[in-house]
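**Q** Need the 3D shape of this:
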Amino acid sequence: MRIGSEQLPRHLQGRLASLYTVCGDELLAIEAADQIRARARDSGHAERQVVAIDPHFDWSQLLHRANSLSLFGERRIMDVRIPSGKPGTQGGAAIEAYCRSLPPDTVTLVTLPRMDKPGMATRWFQALDHAGVVVQAFPVERARLPEWIGRRLQAQGQDAAPETLRFLADRVEGNLLAAHQELQKLALLHPAGMLSFEQVKDAVLDVARYDAYQLSNALVAGDVVRYARVLEGLRGEGTALPLIVGVLAGQIRALLAVRRGRDAGRPLAQLMNQARIWGSQQKLVEEAVGRLGTKQLIRALRQAARIDRIGKGVAAGDAWDELLQLGVRLARGTARGAPPGGR
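**A** Below you'll find the predicted structure:
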């Protein structure tokens, strides 16, 4: 059984499962695990055993601890933490064995980082899935971030205007843990009620954590303002140019493959799967290939290759300025004057 972290509070109002697996965004996963521990304690699971998995962990200890009696004969929580998300062959076998024979009077909590599709297809993860409840802490999408911040403020008795929430979202983009810390700071600095823009602006640091994939997403979404802001953030953080160019070029190649396939009459769903585009990205990509033509995308790939040469010192020019021009042209669907959607 799989549920999102936002569904967990309602789930915990019912009967506790014997096994929970929590994975996903750092802050949301931490909060989900805390909720499960608190519910287990309230239901009488007073003893807690923490099993921290590192590269040298003896996996036979997992089954040994599971089969040993509680020190005081009490119900307990087995808190198994796998920060790498990769238990290896021996660990995977131990997890499968554990799931086949869950210890009595025990709530087992397994915490993992965000898992990709191949990781969730492994036998050991499937064993966890089938034996208990998997809680997926999905990251908050950029468009939903102001609303998420607003709900957090309301929970601590404060509120802010929509433009202030958007400002906060810009400052903490990609870093929910930092967002949580900044909201706690606002609770300490100001009383309950409406917060002014100036109060928030003076209190909140710029803790945005940018990466090249956010830049790529802004390009696909056609969000010129965000593209420019993320690019400037990457430059300020000293992100390597080859990484940025590689991510953007890969995204452009995916767009080109989908555009060519669509022009050839192939099913869009099939094209998306082949390009490894899933979830909310599919709608953005569909809109992008509707406004960008094949020739535009080919020119964009050539420009990316030129930027790569500039970064390596074998061509003249300003690589960061070229990156900005590349993003603006594609985001607006006007590559070197070509009409939007032109072939």
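
**Q** From now on I want contacts and neighbour counts done on CA atoms only, so please keep to that.
**A** Fine.

**Q** Tell me which stretches of this structure form strands.
**A** Applying DSSP state E to the chain gives strands spanning 2-4, 19-24, 45-52, 75-81, 106-112, 133-137, 158-160, 193-195.

**Q** which residues does residue 83 contact?
**A** 53, 54, 111, 112, 113 (C-alpha atoms under 8 Å, 6 or more residues apart in numbering).

**Q** Dump the residues you listed into CSV; add pLDDT as well.
**A** Shown next, in CSV, are these (pLDDT from 0 to 100):
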residue, pLDDT
53, 92
54, 88
111, 96
112, 96
113, 92
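
**Q** What about the residues you listed, which one has the most neighbours?
**A** Most neighbours among these, by other C-alpha atoms under 10 Å: residue 111, with 24 neighbours.

**Q** distance of the closest residue to residue 203 other than its chain neighbours from residue 159?
**A** Ranked by C-alpha to C-alpha, 6 or more residues apart in numbering and with sequence neighbours excluded, the top spatial neighbour of residue 203 is residue 186, at 7.0 Å. Distance check for residue 186 against residue 159: by C-alpha to C-alpha, to the nearest Å, it reads 11 Å.

**Q** cool, and residue 310?
**A** Where residue 159 is concerned, residue 310 sits at a distance of 47 Å (C-alpha to C-alpha).

**Q** now the residue lying closest to residue 306 once chain neighbours are set aside: how far from residue 304?
**A** Of all residues not flanking residue 306 in the chain, residue 315 sits nearest, at 7.4 Å (C-alpha to C-alpha, 6+ apart). Using C-alpha to C-alpha, residue 315 is found at 12 Å from residue 304.

**Q** More neighbours: those two, which one.
**A** residue 304 (22 against 13).

**Q** got the contact list for that one?
**A** Per C-alpha under 8 Å, 6+ apart, neighbours of residue 304: 245, 248, 249, 323, 326.

**Q** what's the neighbour count on the fourth one?
**A** Looking back up the chat, that one is residue 323. 21.

**Q** before we move on, what about the first one?
**A** The tally of other residues near residue 245 (other C-alpha under 10 Å) stands at 23.

**Q** That one and residue 212: what is the separation?
**A** To residue 212, residue 245 is 9 Å away according to C-alpha to C-alpha.

**Q** contacting residues around residue 196?
**A** Applying C-alpha under 8 Å, 6+ apart, one finds that residue 196 lies in contact with 160, 161, 164.

**Q** Closest to the centroid, which residue in the chain?
**A** residue 139 (4.0 Å; C-alpha atoms, centre = their mean).

**Q** Which residue, other than its chain neighbours, is closest to that one?
**A** residue 25 (5.4 Å).

**Q** does the one you found really touch residue 113, like I thought?
**A** Yes - if you go by C-alpha atoms under 8 Å, residue 25 and residue 113 touch, sitting 7.3 Å apart.

**Q** for this structure, what's the longest helix?
**A** Longest helix in the chain by number of residues, with DSSP state H as the criterion: helix 241-263.

**Q** packing partners for that one?
**A** helix 212-221, helix 268-274, helix 281-291, helix 294-311 (3 or more C-alpha pairs under 8 Å, 6 or more residues apart in numbering; DSSP states H and E).

**Q** Ok, which of those helices comes nearest residue 17?
**A** Residue 17 lies closest to helix 281-291 among these, at 33.3 Å (C-alpha to C-alpha).

**Q** by contact count, what packs against that closest one?
**A** So helix 281-291, by 3+ C-alpha pairs under 8 Å, 6+ apart, packs with helix 212-221, helix 241-263.

**Q** what's the closest of the ones you listed to residue 80?
**A** helix 212-221 (31.1 Å).

**Q** Just the buried positions in the closest one, please.
**A** 212, 214, 215, 216, 217, 218, 219, 220, 221 (16 or more other C-alpha atoms under 10 Å).

**Q** Low-confidence stretches in the stretch 101-250 of the chain?
**A** Where the stretch 101-250 of the chain drops to pLDDT under 70, the residues are 174, 205-207.
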